[in-house]
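K.L.:
Based on what follows, work out the 3D shape:
(one chain, ligands or ions: 1)
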Amino acid sequence: MVWIPNSGSAWSSTSASDSATSARIGRLQRSGPEPQKGLYALRMIELRGGRVDDIDDVLALWARAEAEPTVTDDESALRVLLRHARESLLLAVDDGSVIGSLIVGWDGWRGTFYRLAVEPSRRRQGVARQLVDAGEAQLSALGARRLALFAVEGDPAAVPFWEAVGYEAQTDRQRLFENLASA
Ligand SMILES: CC(C)(COP(=O)(O)OP(=O)(O)OC[C@H]1O[C@@H](n2cnc3c(N)ncnc32)[C@H](O)[C@@H]1OP(=O)(O)O)[C@@H](O)C(=O)NCCC(=O)NCCS
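P.N.:
Here you go, the predicted structure:
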């Protein structure tokens, strides 16, 4: 099943400069995992492009997030990605720790998202929403007009999240794939 933005939902109105992956974004977040009702603290998280020295942290995040493993969850694949398009690896960083990731793919025709994952202790604080907003703005600035992704149906948060941010299932398509033998 492929997920695409609802036709009614506009892409983020964030300007291209706002979407700079190094922009610092402030927002209201819960101050801890079990906050007192109504108690909030202003926290800053940074959205920035990934670097080679983030690779270990990103792989560790994916393991902790229990994101369904793929054949490209390794250092060499991430090095290839960063060499190909450094801005494709978008990270949410809090106080130096990588707490979220999104791969933002652009092939000149479609925008595609991969590897959206958020640190388990930092969920439901809008981190994924901020990553997707920034990814959409990045793709829109590049000229993308249609975005898609594959949501893991077995992950309880995946489909509700993508629906909440305006994507809908495209049920008349099947994904076909082949894993190439490693070089
Ligand atoms: C899916 C995931 C990335 C969401 O990250 P997140 O930072 O918690 O998401 P957000 O806080 O931005 O959520 C935005 C909205 O999505 C919806 N949502 C998010 N998680 C949800 C859940 N577990 N159940 C129902 N709705 C959910 C809610 O509407 C939420 O808004 P609200 O908190 O105001 O109700 C995270 O749960 C995760 O890393 N899961 C494991 C990996 C995975 O499934 N990745 C997606 C693969 S396609």
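
K.L.:
distance of residue 58 from residue 177?
P.N.:
Here the distance between residue 58 and residue 177 works out to 22 Å (C-beta to C-beta, to the nearest Å). C-beta: built from backbone N, CA, C; applies to glycine.

K.L.:
So between those two, which is more surrounded?
P.N.:
Neighbours of residue 58 and residue 177, each counted by other C-beta atoms under 10 Å, are more numerous for residue 58; the result is 22 against 5.

K.L.:
Look at stretch 107-115 and report the distance between its end residues.
P.N.:
When the termini of stretch 107-115 are compared using C-alpha to C-alpha, to the nearest Å, they are 17 Å apart.

K.L.:
helices and strands of the protein: which one has the lowest mean pLDDT?
P.N.:
Sorted by mean pLDDT, DSSP states H and E, the helices and strands of the chain end with strand 24-30, the least confident at a mean of 35.

K.L.:
which element is residue 56 on?
P.N.:
Using DSSP states H and E, residue 56 sits in helix 55-64.

K.L.:
Next secondary structure after that helix?
P.N.:
helix 75-84.

K.L.:
For the following helix or strand past that next one, enumerate the helices and strands it packs against.
P.N.:
Once helix 75-84 ends, the next helix or strand along the chain (criterion: DSSP H and E) is strand 89-94. Strand 89-94 sits against strand 40-49, helix 75-84, strand 97-106, helix 127-142, with contacts defined as 3 or more C-beta pairs under 8 Å, 6 or more residues apart in numbering; DSSP states H and E.
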